[in-house]
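Chemist: Got a predicted structure plus its sequence, pasted below:
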Amino acid sequence: FSLVAWSMAAGVLILISAGTLFLRYLLPEKELRLELLFLTNALTAILGIIATVNGRTAVTGVSEVDWGALTGLIIMLAGGGLIGLVIYKYRRIKTNI
C-alpha cells in the first residue's frame, strides 16, 4: 500500500506541474487565470458548506500522527521550494545579463 500511495503522490506532483504549464499555455492572460482561480475557490467554499451534514463532517478524524508521512511531506515541500528558488535565481540572472 505504501508503494501505491507514494506512486500516486509522485503522479499528482507531476500532474500538477504539467497542468500549471498547460493552463499557462491555454490561458496566456494573467487576468483570466486569476478569475479562474477565484471561481474555483468560490466553488470549493460552496461545496465545503454543502458537504457538511447537520454541522458534522461525513468522516471522523484520526488522533494519531503519521510521522513518516509528515516528514516526507516536509521534505517534498522543502525540495520544491529549493527548486523554485533556483529557477527564480536562474531566470533573474538570465534576464539581467
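Modeler: Alright, I've got the coordinates.
Chemist: now Glu31: how far from Phe38?
Modeler: 11 Å (CB to CB, to the nearest Å). In this view, the C-beta of every residue, glycine as well, is placed from N, C-alpha and C.
Chemist: Then Leu47?
Modeler: Distance from Leu47 to Phe38, counting by CB to CB: 15 Å.
Chemist: Distance of the one residue sitting closest to the centre of the chain relative to Leu23?
Modeler: Against the mean C-alpha coordinate of the chain, by CA atoms, centre = their mean, the closest residue is Ile16 at 6.8 Å. Distance of Ile16 to Leu23, given as CB to CB: 10 Å.
Chemist: Likewise for Gly80?
Modeler: From Gly80 to Leu23 the distance is 18 Å (CB to CB).
Chemist: cool, and Ala9?
Modeler: Ala9 is 21 Å from Leu23, where distance means CB to CB.
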